[in-house]
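Asks: Here's a sequence, model it:
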Amino acid sequence: MNAGEIGTEAGRIFEYNLPSSWIFRSQEDQNDFGIDGEIELKDENGKALGKDSVFKVQIKGEENSTYIHEGKTLSFNLKMERLKYYFEFNVPVILVVVEVSSEKVYWLPITNDENLRSKANKSENNESIQVHLPKENILIRKNDDLSGRLFSSVIDCWDYLNIKGLKDSIERYPMVNPLSLNKKIEDIGDALFKAYHQQLNNLLLDRNFTGVFEKASELCQSPIVPTKDQFVALLYYWQAFQISPFTKVKREILEESFKICHWLIKLARQQKSRVHRLIAIGKSRRVKFKFQLEQLHATHHSISHFEKGSLEHLIFNNQTQQLYRECCLSLQKNIELCNRLTKDGQYHVLSDLFVDMYASILIFRTIHDARGSKESIDFLEHWHKSMASLVMTYCVMTKDFFKVERLYFLISTLIKEDQKAAKEVRKIILSSLPEMEDGLDELEQSVLDMSEHKDFYSLSIEEQKSYFLDMAKNLGMDPDDSESEFGHIVKMGLENYDPTRIMKNCGSLFVHYRPGGLIAQSLRMHSAGGMHLLVCLKHGHAQGTGNLLTLLYDDSDGPNFGYSFRHQNCDKCSDCKPRSEDWSWSLKWYENAVEENKEFLNKYKF
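Replies: Next up, the predicted model:
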């Protein structure tokens with residue numbers, strides 16, 4: 001067969017394998033240099049679907065094709081001049097290679113292939129390039145899955161072109177004519193929502209939070225992106241920040257959260273969207289209540305650390321009562337907003353807000369039971385239960401499985417106190433979604449397993465430190481905040497928390513903690529504040545410090561070289577016997593050891 005016959009046969013084979021709902025229009029008048037044809041999809045009634053269902057095809061025929069990578073890839077030689085021509089189209093271009101001898105049709109999307117674009121930009125027109133077509137990119141008559149795969153690639157190409165058009169507009173702004181720019185914004189609006197927001201969603205699902213922050217910031221700060229799309233991008237930013245803040249400093253987390261809320265409200269006002277305004281207000285009230293509650297919870301439980309009737313107890317109790325009143329006011333505003341959303345039928349906004357707030361309200365109820373009046377306690381319990389049933393009903397009706405599972409899990413945390421706590425919402429779920437019964441049983445069991453009592457001594461060292469870290473942050477003593485004086489004391493206490501590395505060097509070494517001050521008392525952390533002793537139980541050597549224990553034991557690289565405990569006592573001691581390799585310090589072991597050596601340790605007074 002000559003080249004002309006191969007080309008004609010390739011065209012016939014390609015058209016034969018096309019789905020019947022695809023319209024093929026030949027464009028052979030372009031003398032084989034450019035595009036051979038255009039394809040458009042039609043619906044069941046034979047009506048063309050429009051712009052986004054159109055794409056161009058370049059059909060190339062070969063009598064016998066060349067395969068590489070153990071026969072998994074077809075390799076085709078293409079002129080660079082032709083490849084560059086394909087990239088000039090504002091419509092997706094698909095390269096089709098037909099092996100005439102086997103009548104197999106392979107395809108490759110050209111438009112969104114960044115690798116080919118990069119090579120084309122660096123090459124001369126008179127060069128050629130080997131294009132690789134995966135064998136799975138095959139088109140077979142009456143195979144909907146394979147034709148659907150080709151069409152999905154066409155959609156990806158359209159999204160790529162829309163994004164590329166947006167980027168080009170942003171780069172040329174403000175050189176673009178205002179009228180042309182406005183038209184451009186209108187044209188790309190839908191594509192932006194479908195493409196950029198899908199990208200943000202993919203990044204969030206992949207837990208690529210840095211990617212979410214960067215892409216959302218880019219969209220929100222661009223003068224060309226419509227306000228409604230900026231709002232959605234900022235919601236993705238918000239969600240990523242709630243899961244994984246890019247800072248550990250509590251103050252900075254609070255500042256960033258309120259900054260996001262303020263920005264959401266500003267965008268909602270700009271586009272005059274009532275729904276977006278309600279979403280923004282809900283986020284703002286929820287974050288304010290959450291941070292107030294964390295502080296209230298910490299101070300409420302710290303009061304018991306002080307002797308009743310002491311000045312410290314009085315101060316903490318007054319502060320806690322003030323925080324309690326502020327939390328009550330914030331919760332009241334959230335309840336009013338939930339009731340308003342219910343009245344207005346804004347159930348999608350209500351479900352987001354209530355599911356986010358549910359856990360915080362549970363925590364508040366434990367404090368409210370100790371400080372509130374009986375009437376207010378009964379009201380909150382009834383409202384909380386009724387609203388949970390309403391929101392669960394909506395989530396079940398809309399088949400929002402994520403919220404159904406999350407809310408049921410939270411409600412199930414009450415089962416240990418009240419076995420009937422989840423009975424009503426379980427009935428609501430199973431009445432419409434009976435297939436979820438096994439899943440609900442698993443959620444309940446996971447809650448019961450988590451609820452098994454675990455005393456503080458049985459926690460790992462890291463779990464204990466995490467508890468004190470959270471408590472300190474909520475009390476405003478953030479060890480991650482370099483500007484917090486109290487936080488610096490807590491940070492040192494956490495670094496001194498576990499003396500295993502010191503005490504492992506000798507069985508006679510013992511660290512005796514002597515905490516002191518308001519910080520140590522409010523946290524009840526053995527290593528916070530005060531003066532701590534490093535002693536030798538065998539020879540009676542002792543040194544104290546209010547600084548780091550590691551520097552007290554060995555300051556070889558510091559200014560106290562030669563004067564540390566180790567240099568003065570251990571290096572010249574012949575009785576030094578290291579503890580076993582598997583030995584480690586624990587709080588329970590420490591308290592028993594203090595009691596055992598009480599008489600000896602009481603000799604050291606300061």
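
Asks: So for F600, what's the pLDDT?
Replies: Confidence at F600, expressed as pLDDT, is 90.

Asks: What of E136?
Replies: At E136, the predicted lDDT confidence score is 94.

Asks: Find the least confident helix or strand in this structure, judged by mean pLDDT.
Replies: Sorted by mean pLDDT, DSSP states H and E, the helices and strands of the chain end with helix 178-205, the least confident at a mean of 63.

Asks: Just the buried residues of whichever helix or strand comes after that helix, please?
Replies: Per DSSP states H and E, the first helix or strand lying C-terminal to helix 178-205 is helix 209-221. Within helix 209-221, the residues that count as buried by 16 or more other CB atoms under 10 Å are 209, 211-213, 215-216, 219-220. C-beta coordinates here come from the backbone N, C-alpha and C atoms, glycine included.

Asks: and if you look at stretch 590-606?
Replies: 590, 593, 601.

Asks: cool, stretch 235-246 as well?
Replies: By 16+ other CB under 10 Å, the buried positions in stretch 235-246 come out as 235-241.

Asks: Output it as PDB - backbone C-alpha positions only.
Replies: What follows is stretch 235-246 as a C-alpha-only set of coordinates in PDB (Å, rounded to 0.1, in the frame of the first residue of the first chain):
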ATOM      1  CA  LEU A 235     -13.200  28.200  52.300                       C
ATOM      2  CA  TYR A 236     -10.700  25.600  51.100                       C
ATOM      3  CA  TYR A 237      -7.900  27.600  52.700                       C
ATOM      4  CA  TRP A 238     -10.000  27.700  55.900                       C
ATOM      5  CA  GLN A 239     -10.600  24.000  55.900                       C
ATOM      6  CA  ALA A 240      -6.900  23.200  55.400                       C
ATOM      7  CA  PHE A 241      -6.000  25.600  58.200                       C
ATOM      8  CA  GLN A 242      -8.400  23.900  60.600                       C
ATOM      9  CA  ILE A 243      -6.900  20.500  59.900                       C
ATOM     10  CA  SER A 244      -3.200  21.500  59.800                       C
ATOM     11  CA  PRO A 245      -2.300  25.100  60.800                       C
ATOM     12  CA  PHE A 246       1.000  26.300  59.400                       C
END
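
Asks: Just the residues contacting it, thanks.
Replies: Residues outside stretch 235-246 that contact it (CB atoms under 8 Å, 6 or more residues apart in numbering) are 197, 200-201, 203-204, 207, 209-210, 212-213, 216-217, 220, 253, 256-257, 260, 264, 279, 283.

Asks: any low-confidence regions in the stretch 351-500 of the chain?
Replies: Low-confidence segments of the stretch 351-500 of the chain (pLDDT under 70): 451-454.

Asks: what about the helices in it?
Replies: Assigned by DSSP state H, counting those that start in this stretch, the stretch 351-500 of the chain shows helices spanning 374-397, 401-412, 423-432, 437-450, 461-474, 485-495, 500-503.

Asks: So what angle separates the directions of the fifth one and helix 485-495?
Replies: Orientation note: helix 461-474 sits at an angle of 170 degrees relative to helix 485-495 (axes from the mean of the first three to the mean of the last three CA atoms, to 10 degrees).

Asks: And the contacts of helix 461-474?
Replies: Identification of contacts with helix 461-474 by CB under 8 Å, 6+ apart yields 250, 294-295, 297-298, 301-302, 456, 459, 478-480, 487, 490, 493-494, 497-498, 523, 525, 528, 584-587.

Asks: Quick one: buried ones out of those?
Replies: With neighbours counted using 16+ other CB under 10 Å, those contain these buried positions: 250, 294-295, 297-298, 301-302, 478-480, 487, 490, 493-494, 497-498, 523, 525, 528, 585-586.

Asks: what helices or strands is the strand or helix carrying C157 leaning on?
Replies: Following DSSP H and E, the helix or strand that holds C157 is helix 144-172. Here helix 144-172 touches strand 93-99, strand 104-109, strand 138-139, helix 178-205, going by 3 or more CB pairs under 8 Å, 6 or more residues apart in numbering; DSSP states H and E.

Asks: buried set for the longest helix anywhere in the chain?
Replies: Secondary structure of the chain per DSSP state H: the longest helix is helix 311-344. By neighbour count on 16+ other CB under 10 Å, the buried set for helix 311-344 is 313, 316, 320, 323-324, 326-328, 330-331, 334-335, 337-338, 341-342.

Asks: can you check stretch 258-274 too?
Replies: Residues 260-261, 263-265, 267-268, 273 are the ones in stretch 258-274 that count as buried (16+ other CB under 10 Å).

Asks: Then stretch 469-483?
Replies: Buried positions in stretch 469-483, judged by neighbour count with 16+ other CB under 10 Å: 469, 471-475, 477-481.

Asks: Just the endpoints, please. Distance across stretch 235-250?
Replies: Start-to-end span of stretch 235-250 (CA to CA, to the nearest Å) is 21 Å.

Asks: what about that stretch, average pLDDT?
Replies: In this model, stretch 235-250 has a mean pLDDT of 90.

Asks: Export the buried residues of stretch 258-274 to CSV and append columns for distance to T398 and pLDDT.
Replies: Shown next, in CSV, are the buried residues of stretch 258-274 (distance: CB to CB, whole Å; pLDDT from 0 to 100):
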residue, distance to T398, pLDDT
I260, 26, 93
C261, 26, 92
W263, 28, 93
L264, 23, 92
I265, 26, 93
L267, 25, 92
A268, 23, 91
S273, 21, 86
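
Asks: from the residues you listed, which single one is nearest S128?
Replies: The closest of the buried residues of stretch 258-274 to S128 turns out to be L267 (CB to CB; 50.7 Å).
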